[in-house]
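**Q** Please work out how this folds:
(one chain, ligands or ions: 3)
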Amino acid sequence: MSTQQPTIIYTLTDEAPRLATASLLPIVRAFTAPAGINVAESDISVAARILGEFPEALSEDQRVPNNLAELGKKTLQPDANIIKLPNISASVAQLMAAIKELQDKGYALPDFPEDPKTDEEKAIRARYNKCIGSAVNPVLREGNSDRRAPKAVKEYARKNPHHMAEWSPASRSHVSHMHHGDFYHGEKSMTLDRARDVKMELLTNSGKTIVLKPKVSLKDREVIDSMFMSKKALLEFYERQIEDARKTGVMFSLHVKATMMKVSHPIVFGHCVRIFYKDAFEKHAKLFEELGVNVNNGMVNLYDKLETLPSAQREEVLRDLHACHENRPELAMVDSAKGITNFHSPNDVIVDASMPAMIRNGGKMWGPDGRLKDVKAVMPESTFARIYQEMINFCKWHGAFDPKTMGTVPNVGLMAQQAEEYGSHDKTFEIPEDGVANITDLATGEVLMSQNVEAGDIWRMCQTKDAAIRDWVKLAVTRARNSGMPVVFWLDQYRPHERELITKVKMYLHEHDTTGLDIQIMSQVRAMRYTLERVIRGLDTISATGNILRDYLTDLFPIMELGTSAKMLSIVPLMAGGGMYETGAGGSAPKHVQQLTEENHLRWDSLGEFLALAVSLEDLGIKNNNPRAKLLARTLDAATGKLLDNNKGPSPKTGQLDNRGSHFYLALYWAQELAAQTEDKELAAHFAPLAQVLADNEQKIVEELNAVQGQPADIGGYYLPQADKLDAVMRPSATLNQALQGVAG
Ligand SMILES: NC(=O)C1=CN([C@@H]2O[C@H](COP(=O)(O)OP(=O)(O)OC[C@H]3O[C@@H](n4cnc5c(N)ncnc54)[C@H](OP(=O)(O)O)[C@@H]3O)[C@@H](O)[C@H]2O)C=CC1
Ligand SMILES: O=C(O)CCC(=O)C(=O)O
Ligand SMILES: [Mg+2]
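**A** Ligands and ions are numbered 1, 2, ... in the order given. The predicted model follows:
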């Protein structure tokens with residue numbers, strides 16, 4: 001690869017997007033190569049990240065570079081142009097499954113130490129921990145977030161509205177959150193007066209000093225927060241909510257984000273499971289301890305451990321677990337046919353996607369009997385849970401949203417430089433003993449923030465850099481100016497962290513010409529109400545939010561407006577000048593892989609990839625003064641519009657056009673657009689034969705693509721599919737493959 005050649009880095013990730021890439025990337029390359037644009041790959045899948053972490057365990061030919069670290073460095077360079085597909089943020093159970101698959105494939109990785117004791121085990125565990133949870137996004141997102149539905153997509157949704165279930169004012173569904181003892185209520189926050197190095201330490205009531213984090217380097221004007229969740233308050237809260245659900249006869253459902261909040265939320269999740277099955281956990285406490293059961297990783301962890309017991313003993317435990325259900329409410333199900341509950345695995349129910357799905361379903365979730373029912377959605381942390389209750393209230397009063405008429409709510413989200421919760425993982429601790437948790441200046445000994453905590457409380461520190469906040473305000477103003485939409489900063493003056501942000505937002509707004517712009521600051525609940533009042537009148541409102549609400553709102557509104565967040569344009573203008581173009585705002589759709597392996601149908605919609613590629617090309621065109629890149633971007637957008645108009649997106653049903661078929665149509669329309677344009681005759685001539693051959697063979701290609709469906713497909717692995725098998729499954733049309741090869745020359 002010449003260093004002069006403009007390059008787009010396309011990430012290889014996991015699950016459905018990885019499968020889709022096997023089909024789409026050859027098409028992308030066929031179109032970009034004639035314009036002199038190189039498309040490089042960077043494999044940041046969980047499998048590649050694991051392998052990259054343990055080079056010494058692998059033979060020479062098995063070793064892979066640490067792509068994530070390389071890509072992280074790239075985001076700091078002004079010429080970065082990265083297309084980032086969603087990746088698995090792995091739970092412990094997923095990580096263990098991935099390790100097992102790799103070991104079975106001959107990679108001599110060490111076993112995952114579930115309960116590390118020796119120094120060696122602890123060191124291995126620390127390395128594996130780097131691969132758990134949201135390990136990619138905080139590293140790559142060196143910019144704030146701009147997520148919106150492009151005009152064509154919104155228009156399409158208005159003309160082709162997805163199904164929205166009805167909302168009844170009599171619905172008993174609601175959100176339950178803590179009213180004291182959670183992160184919101186105990187938060188302290190401050191803006192630094194200068195750069196400082198601090199430590200996090202616990203002074204126990206028994207007189208010990210435990211240094212939990214020896215050094216955190218903080219920058220001048222950075223906002224830091226110290227907050228804790230009381231274990232006692234959390235357990236009481238769960239007990240009360242479980243009992244309330246039982247008494248009132250609604251289903252119980254827990255919604256957390258154990259993937260992104262990889263340290264705190266598995267603990268929060270585990271407490272709920274143990275309280276729900278309290279009697280069985282008390283009775284078998286010793287046995288569970290011996291087995292090393294850890295339901296922070298879900299009930300699946302317990303079931304797996306029980307497999308090692310003699311059958312009589314196992315049956316007894318299972319009977320006792322079942323008996324708990326007598327005195328407990330029904331649990332919402334992930335898969336009622338298979339008996340998989342919300343407690344099975346902490347990565348099955350992820351709040352950003354799970355709450356919108358429930359609201360779209362008229363406030364209902366699936367029950368154990370396979371019926372949709374009203375539900376108590378339990379989200380312990382009140383900070384953000386309240387927005388969902390506000391939306392539910394609104395739906396009960398006004399009925400379901402109407403995708404035909406509703407306005408749009410784009411988001412400008414603060415996330416750069418590991419803002420807020422993103423950077424908190426290595427500063428989150430389960431408190432071992434009662435005491436005082438201090439953040440102390442290393443040089444002066446000054447205690448900056450102090451909390452009284454008890455054993456089992458979760459204490460954490462968050463950081464938000466001044467430069468990131470300043471850039472976020474700028475992005476919000478730019479978006480307001482470019483779109484003509486009002487902006488609401490969702491900030492709560494009663495929350496200490498957000499009070500600090502309000503001061504900075506007001507200050508940095510003065511750096512911009514805001515004449516004629518409508519920019520307001522409102523607490524979350526008011527912001528939601530205000531936005532929804534506009535939404536039902538067809539009015540658009542930009543939400544400018546912190547990191548968690550960025551995540552929540554960019555699934556919530558798109559799922560109401562478009563049926564899915566996969567159709568979002570998701571741009572990260574990198575602070576160093578480059579660009580990262582994410583594909584959609586959703587995840588990696590694990591259920592789609594199952595359908596592919598069972599029925600050879602991939603319902604993944606690559607619209608997010610199409611949109612991302614167009615802005616990536618446009619950016620490349622502008623920054624490199626490359627007219628061909630700009631032309632590719634324009635024609636790709638036109639092709640995507642045509643694809644929407646002609647309804648050539650993938651169908652969820654096996655036997656109909658799927659992901660691969662939609663890629664074919666994109667190629668056809670893109671080639672036709674390029675052949676038809678007159679500003680670059682050479683490129684037109686280059687693509688005319690492809691346009692012709694694809695059009696002539698449309699029926700044949702679609703038949704070839706559809707004919708393979710209905711049978712199981714073997715891709716040679718889940719976390720590390722086998723390249724040749726993946727290729728064969730995802731590129732089954734010889735006619736299409738030949739045509740693409742022809743254009744590549
Ligand atoms: N940017 C990133 O890296 C992100 C990664 N994740 C990770 O993804 C994994 C799965 O997360 P989960 O919470 O289940 O959320 P997902 O968004 O993956 O799945 C929820 C549902 O959304 C629908 N969906 C999402 N994307 C598409 C698409 N492109 N085409 C069609 N339908 C789509 C599917 O609905 P249906 O089943 O009805 O087809 C899917 O089942 C987790 O490991 C999570 O951590 C999550 C969010 C962002
Ligand atoms: O990083 C993650 O784990 C998920 C991110 C996510 O859901 C999002 O950015 O919308
Ligand atoms: Mg999300």
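
**Q** Any regions of this protein where pLDDT drops low?
**A** 1-4, 745 (pLDDT under 70).

**Q** near ligand 1, which residues of it show up?
**A** Along the chain, the residues adjacent to ligand 1 under the rule Cβ under 6 Å from any ligand atom are 86-89, 137, 259, 347, 350, 353, 564, 566, 582, 584, 586-591, 603-605, 608, 652. The way it works is simple: take the backbone N, C-alpha and C, and place the C-beta from them, glycine included.

**Q** Among those residues, which ones are in helices?
**A** 137, 353, 590, 591, 608 (DSSP state H).

**Q** hmm, which of the residues of the chain next to ligand 1 are the buried ones?
**A** 86-89, 137, 259, 347, 350, 353, 564, 566, 582, 584, 586-589, 603-605, 608 (16 or more other Cβ atoms under 10 Å).

**Q** what residues are up against the closest residue to residue 74 other than its chain neighbours?
**A** Spatial nearest neighbour of residue 74, excluding adjacent residues (Cβ to Cβ, 6 or more residues apart in numbering): residue 80 at 4.9 Å. Going by Cβ atoms under 8 Å, 6 or more residues apart in numbering, residue 80 touches 9, 74, 574, 576, 577, 578, 579, 580.

**Q** Also residue 567?
**A** Residue 567 neighbours (Cβ under 8 Å, 6+ apart): 149, 153, 157, 558, 584, 605, 607, 608, 611.

**Q** Now flag whichever of the ones in helices among the residues of the chain next to ligand 1 is closest to residue 496.
**A** Residue 496 lies nearest to residue 137 out of these, by Cβ to Cβ, at 25.8 Å.

**Q** Relative to residue 736, how far out is the closest one?
**A** With distances taken as Cβ to Cβ, to the nearest Å, residue 137 is found 33 Å from residue 736.

**Q** Who's the closest spatial neighbour of the spatially most central residue of the chain, skipping the chain neighbours?
**A** Note on the chain: the residue nearest the mean C-alpha position is residue 587, at 5.2 Å, using Cα atoms, centre = their mean. Leaving aside its sequence neighbours, residue 587 sits nearest to residue 86 (Cβ to Cβ, 6+ apart; 4.9 Å).

**Q** From what I see, residue 455 and residue 232 are in contact.
**A** No - between residue 455 and residue 232 there is no contact under Cβ atoms under 8 Å: 9.6 Å.

**Q** count of neighbours near the closest residue to ligand 3 within the stretch 501-650 of the chain?
**A** As assessed by Cβ to the ion, ligand 3 sits closest to residue 551 within the stretch 501-650 of the chain, at 4.2 Å. Neighbours of residue 551 under the rule other Cβ atoms under 10 Å: 28.

**Q** and the closest residue to residue 688 other than its chain neighbours, how many neighbours?
**A** Once flanking residues are discounted, residue 688 sits nearest to residue 675: 4.1 Å by Cβ to Cβ, 6+ apart. As a burial measure, residue 675 scores 19 neighbours (other Cβ under 10 Å).

**Q** contacting residues around residue 675?
**A** 684, 687, 688, 690, 691, 692.

**Q** What distance do you get for it to ligand 1?
**A** Distance of residue 675 to ligand 1, computed by Cβ to the nearest ligand atom, to the nearest Å: 29 Å.

**Q** what about the strand or helix carrying that residue, distance to the chain center?
**A** Element membership of residue 675 [criterion: DSSP states H and E] is helix 659-676. How far helix 659-676 lies from its chain's middle: 29 Å, per Cα atoms, centre = their mean, to the nearest Å.

**Q** That one: what's the following helix or strand?
**A** Criterion used, DSSP H and E; the element after helix 659-676 is helix 681-696.

**Q** Now do that following helix: which elements does it pack against?
**A** helix 659-676, helix 734-744 (3 or more Cβ pairs under 8 Å, 6 or more residues apart in numbering; DSSP states H and E).

**Q** Would you tell me which of those gets closest to residue 318?
**A** helix 659-676 (39.8 Å).

**Q** Tell me how far the residue in the stretch 151-300 of the chain that ligand 3 sits nearest to lies from residue 387.
**A** The stretch 151-300 of the chain approaches ligand 3 most closely through residue 260 (7.7 Å), counting by Cβ to the ion. Distance from residue 260 to residue 387, counting by Cβ to Cβ: 17 Å.

**Q** now swap in residue 732 and tell me
**A** Counting by Cβ to Cβ - residue 732 and residue 387 are separated by 44 Å.

**Q** In terms of neighbours, single out the busier of those two.
**A** The neighbour comparison of residue 732 against residue 387 (other Cβ under 10 Å) goes to residue 387, with 23 against 19.

**Q** one step back: got a markdown table for the ones in helices among the residues of the chain next to ligand 1, with distance to ligand 2 too?
**A** Shown next, in a markdown table, are these (distance: Cβ to the nearest ligand atom, whole Å):
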| residue | distance to ligand 2 |
| --- | --- |
| 137 | 4 |
| 353 | 8 |
| 590 | 13 |
| 591 | 16 |
| 608 | 12 |
